[in-house]
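> pasting the sequence and the predicted coordinates here, then a few questions.
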Amino acid sequence: MSEVLVDLLSDTLTRPTDAMRAAMAAAPVGDDVFGEDPTVRELEQRVAGLLGHEDGLFTPSGTMANQLGLRLHVQPGEELVADSLAHVLRAEMGAAAALSGISARSWVADHGLLDAAQPLALMVPDGGAYQVNTRLVVVENTHNFGGGTVQPLDQIQRLRDGTSPHGIAMHLDGARVWNAHVATGVPLDAYGRLFDTVSVCLSKGLGAPVGSVLVGSRELMARARIWRKRFGGGMRQVGILAAAGLHALDHHVERLAEDHARAHRFAEAAAQAAPGSVDPTKVQTNIVILEVAGAGWTPAGFVEQAAARGIRLYPVSGTAVRLVWHLDVDDTGTDKAIAALVPLLEEGPPAA
Ligand SMILES: Cc1ncc(COP(=O)(O)O)c(C=O)c1O
């Protein structure tokens, strides 16, 4: 493979900046399993406050934060509902079933976009002795495999109004809720308060090397702390990582708008060259799902040709590839991606 010139594989690839590394080196630390790491506590409380919740819990990954959220609300043998492209269903290695005995049903959402009527129609609040009880609805905002889709606040509110009377909980997979906030101006706590628990990632667009936070009520977070230890996620002098998260919150949230603008610029260029490949109006944040099958490519073939031109991408489905903008891709990188990939869309694959 050629040298990677522009890495659009994922926003998890970012390396900590020098300033972030300095903040990590200077962080006061303690044993977090005993709740004695001051930097971790600062991060947990800050993220909880931002999202309008009482308390938070630092976790090594977004997957663990999500899985703790699910475990709090659903007992083995009960179910959650989530859309069919949700990260919790597609990309957490069956953890809900494997670790917590949770069964799941899903609905198909266009670009991952929430239409509250769909989950509300699926819910079985009281299945009696015959049907599985629904205990939780999971919403992902922004939606990763949907293409960075922002969830409309009014639909989330409708879902809350429909679930609350039945005692059905709501968990937000907010790995990229920062992007939703920056794209729309909706305050983080306006999203957060509509959910019982929220997981957020510091290691995606925010550029920290590791770490997520789960937020909820004090009581729920006390229970989550026990489950985190049980899942093997109790960490010790981990303030050095929490410090990266605090630095990211101070310096890397508002700049997400730059990633959004670059992703949109790419989408405009791709749509001009190959109109069916992407709808720029659907590119709301930092992710572009590019349909390459219409131009005659298999996703694997397109990824290979892109790699030969120094651009790294991810084949996301049987027809499409995914491109993700982040801290380490600037305007020049975006120009290079356009120059390398648009001709591939225009020309299609070489004749066999
Ligand atoms: C929407 C979403 N949720 C959760 C996660 C899980 O995060 P992690 O890779 O830290 O486990 C990801 C990771 O890409 C994601 O995109």
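Yes, it's here. Numbering: from 1, shown residues only.
> can we go C-alpha only for contacts and neighbour counts from here?
OK.
> mind listing the helices for the stretch 101-250 of the chain?
With DSSP state H, counting those that start in this stretch as the criterion, the stretch 101-250 of the chain has helices at 117-122, 144-147, 153-163, 177-184, 188-192, 218-230, 239-251.
> so how far is the first one from its chain's centroid?
The one in question is helix 117-122. 22 Å (Cα atoms, centre = their mean, to the nearest Å).
> could you report the pLDDT at residue 352?
We note a pLDDT of 71 for residue 352 in this prediction.
> swap in residue 196?
Looking at residue 196, its pLDDT is 99.
> what about the nearest residue to it once chain neighbours are set aside, how many residues close to it?
Using Cα to Cα, 6 or more residues apart in numbering and skipping the chain neighbours, the partner closest in space to residue 196 is residue 170 (5.5 Å). Per other Cα atoms under 10 Å, the neighbour tally for residue 170 reads 26.
> from what I see, residue 170 and residue 136 are in contact.
Yes. With contact defined as Cα atoms under 8 Å, residue 170 reaches residue 136; the gap is 5.5 Å.
> now the helices of the stretch 101-250 of the chain in CSV, with distance to residue 199 and mean neighbour count?
Shown next, in CSV, are the helices of the stretch 101-250 of the chain (distance: least, Cα to Cα, whole Å; neighbours: other Cα atoms under 10 Å):
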stretch, distance to residue 199, mean neighbour count
helix 117-122, 20, 15
helix 144-147, 14, 22
helix 153-163, 16, 17
helix 177-184, 9, 22
helix 188-192, 10, 19
helix 218-230, 12, 16
helix 239-251, 14, 24
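> out of the ones you listed, which gets nearest to the ligand?
helix 144-147 (5.1 Å; Cα to the nearest ligand atom).
> average model confidence for that closest one?
Helix 144-147 carries an average pLDDT of 96.
> which other helices and strands contact that helix?
Using 3 or more Cα pairs under 8 Å, 6 or more residues apart in numbering; DSSP states H and E, the elements in contact with helix 144-147 are strand 287-291.
> shaky segments in the stretch 101-250 of the chain?
Judged against pLDDT under 70, the stretch 101-250 of the chain has no low-scoring part.
> good, wrapping up.
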